[in-house]
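1. I'll drop the sequence and a predicted model, then ask my questions.
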Amino acid sequence: MLFLDEQSRIPLYKQLYDTLKRDITTGQLPAGASLKSLRVLENELNISRNTVDRAYQQLIAEGYVRAVQGLGYFVEDIKSVYVPNPQLPSETRTEFSHRANKKKVRYDFEFESIESSLVPWGKWRKCVKDALELEALGRSVAYETAKGSLRLREALAGFLYRHRGVNCKPEQIIVCPGTQYAMEIITSVLAPSTHRFAFEEPGYNAMRHRIESKGYAVTSIPVLENGIYTELLRLSNCNMLYITPSHQFPTGAVTPISVRNEILKWAYESCAHVIENDYDSEFRYGMLPIPSLQSLDQMQRVIYMGTLSKVLSPSIRCAYLVLPWDLLKTYEEKCKFFNSALPTYHQTALSMLIESGAMERHLRKVTLINEQKYHTLLCAVSTFMSDHVKIVREPSGVHTLVRVLGCRNQVDLIARLEQSSVRIYGIREHCHDQIGAYEDVFLMGFNSMTDKDVHDGCRIMAKVLKSYLYAS
């Protein structure tokens, strides 16, 4: 993942050149890998095309990169040897209820699903077809290892580094069918008798329930404007923290670098582990990506998890877990007889999608579409509901928080809106402590709706609010 410091005395082209050169010499960008085009990097880093071109030309002059007319820029085979960090061990390759009961409405501002037309069905169908043919040509069909296919883990390692700055080797990655399944793995490695969880409040209660059901003691830590309240965390006597720092669910708070450093300092001093769920981190609007907490961790205290559900589709059921080296050995001992939970041909198809560059092109496309939907939502709220609804937080991800002025009964308002076939979501259900919990604050997602539905849904919602709030 590329980050440039505009305050540095080092010219931007030199920073970009140094970063790419380091990635090539350490093997993060292997021989034959395609570099992003000048236009893409210019937009992603918000720098001039001349700056990008100057860095690329220097890499070409020194033999790290070659330019192919009409195709782009590719990494040369420099025959370098990657030397692992000597401080690390040597590496070896070895709720359905709340959904089932939902009544269907015309305008559902949900945040879990995605609009079907955004899924790259054609590319996915081709990759699945090619993967099945590849499997059919083999001499036998075998069970996959518990971690998942090496090919997919290698592809994910590169993808996560480029987009989230995650530093890991394929051996550390475990492929699994969802983040709750990933939590099952974590709780099988860490004993509840010796580990106490700190959990965000409000937070993702389905995950909290999964942790509590395993017998762990859980302490609620309030989420403030800049993320979790670190002072209370230090006083909590916990040695595990579950956190969504890049897009806190449900508040949308983004944890700044100062607070991230406080969290890491707490983890180092307390010999604690931090579970970073990189929820909805892929989508940033009008700003540079924020690096993952794991990318800042120098002491292997962060357990990283993420999913491709919002990038591709929830139906593909691909999540991933990156374990620190000290926990990896325990995992391999306890789970050595497990088989992978994802179909082997799906894993091969995902590998193909990432290796071809189609995943990253699709991600850029979906980010632009979601940004347009967000602006549609902003415009519709301003046009129809400016007297009643205020946007609480500029979003990343695929939902925003709104405050309905004058709302005193969240459940009653939601029921009233559903009568007009509009659904929004109260934040109270994500609070462990319900007393005085955000009665007038709601979630409005836009990922699963068309622009027209976002606009029309807000228009109908405005009519309901006008009559409901005046009547109350």
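-> Now that the structure is in, tell me what you want to look at.
2. drop to CA atoms for contacts and neighbour counts, all remaining ones
-> Fine.
3. Please list the outside residues in contact with stretch 244-264.
-> The contact list for stretch 244-264 (Cα atoms under 8 Å, 6 or more residues apart in numbering) reads 202-204, 224-228, 230, 276-281, 290, 292-293, 297, 301, 393, 395-397, 400-401, 427, 430, 443.
4. which of those are buried?
-> Listed as buried from the contacts of stretch 244-264 are 202-204, 226-228, 230, 276-281, 290, 292-293, 297, 301, 395-397, 400-401, 427, 430, 443; burial here means 16 or more other Cα atoms under 10 Å.
5. Which ones among these map onto strands?
-> Gly227, Ile228, Glu276, Asn277, Thr400, Leu401, Leu443 (DSSP state E).
6. for the last one, which residues make a bridge with it?
-> In this structure, Leu443 has the following beta-bridge partners (DSSP bridges): Leu401, Tyr425.
7. separation between it and Gln410?
-> 12 Å (Cα to Cα, to the nearest Å).
8. Likewise for the fourth one?
-> Using Cα to Cα, Asn277 is found at 28 Å from Gln410.
9. Kindly provide the distance from Pro291 to Tyr468.
-> 43 Å.
10. Give me the more crowded residue out of those two.
-> Pro291 (19 against 15; other Cα atoms under 10 Å).
11. That one contacts Arg162, doesn't it?
-> No. In this structure Pro291 lies outside contact range of Arg162 using Cα atoms under 8 Å: 10.2 Å.
12. Can you show me the strands along the stretch 251-400 of the chain?
-> In the stretch 251-400 of the chain, the strands defined using DSSP state E, counting those that start in this stretch lie at 273-277, 302-307, 319-322, 389-391, 399-404.
13. any chance of the ones you listed in CSV, plus mean pLDDT?
-> Output for the strands of the stretch 251-400 of the chain, formatted as CSV (pLDDT from 0 to 100):
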stretch, mean pLDDT
strand 273-277, 96
strand 302-307, 96
strand 319-322, 95
strand 389-391, 91
strand 399-404, 90
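14. List just the one of those that sits closest to Leu137.
-> strand 319-322 (27.6 Å; Cα to Cα).
15. And that closest one, what does it pack against?
-> strand 173-176, helix 179-189, strand 302-307 (3 or more Cα pairs under 8 Å, 6 or more residues apart in numbering; DSSP states H and E).
16. hmm, which helix or strand of the protein has the shakiest average pLDDT?
-> helix 96-100 (a mean of 48; mean pLDDT, DSSP states H and E).
17. thinking Phe283 is in contact with Gly397, fair?
-> Yes. The criterion here is Cα under 8 Å, and Phe283 meets it with Gly397 at 4.9 Å.
18. which residues are common contacts for these two?
-> Between them, Phe283 and Gly397 share no contacting residue, judged by Cα under 8 Å, 6+ apart.
19. Any regions of this protein where pLDDT drops low?
-> Scanning the chain for pLDDT under 70 picks out the ranges 1, 79-101, 284-289, 394-396, 434-437, 470-472.
20. Whichever helix in it runs longest relative to strand 399-404, how many degrees between them?
-> Taking DSSP state H as the assignment, the helix of the chain that covers the most residues is helix 358-385. Angle of helix 358-385 versus strand 399-404, following axes from the mean of the first three to the mean of the last three Cα atoms, to 10 degrees, is 10 degrees.
21. so what's Ala267 up against?
-> So Ala267 contacts Asn239, His273, Val274, Arg301 (Cα under 8 Å, 6+ apart).
22. Format those as CSV; extra columns: distance to Gly32.
-> Formatted as CSV, the contacts of Ala267 follow (distance: Cα to Cα, whole Å):
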residue, distance to Gly32
Asn239, 43
His273, 37
Val274, 35
Arg301, 33
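23. Which single one of those residues is nearest to Ser34?
-> The closest of the contacts of Ala267, once distances to Ser34 are taken by Cα to Cα, is Arg301, at 32.0 Å.
24. mind giving me the domain split of the protein?
-> 12-75, 100-111+361-471, 121-357 (automatic domain parsing).
25. can I get those domains in CSV with distance to Phe3?
-> Formatted as CSV, the domains of the chain follow (distance: least, Cα to Cα, whole Å):
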stretch, distance to Phe3
domain 12-75, 8
domain 100-111+361-471, 17
domain 121-357, 8
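26. Now do the helices in the stretch 51-200 of the chain.
-> 96-100, 121-137, 150-164, 179-189 (DSSP state H, counting those that start in this stretch).
27. Pick the most deeply packed of the ones you listed.
-> Highest mean neighbour count among the helices of the stretch 51-200 of the chain (mean count of other Cα atoms under 10 Å): helix 150-164, with a mean of 20.
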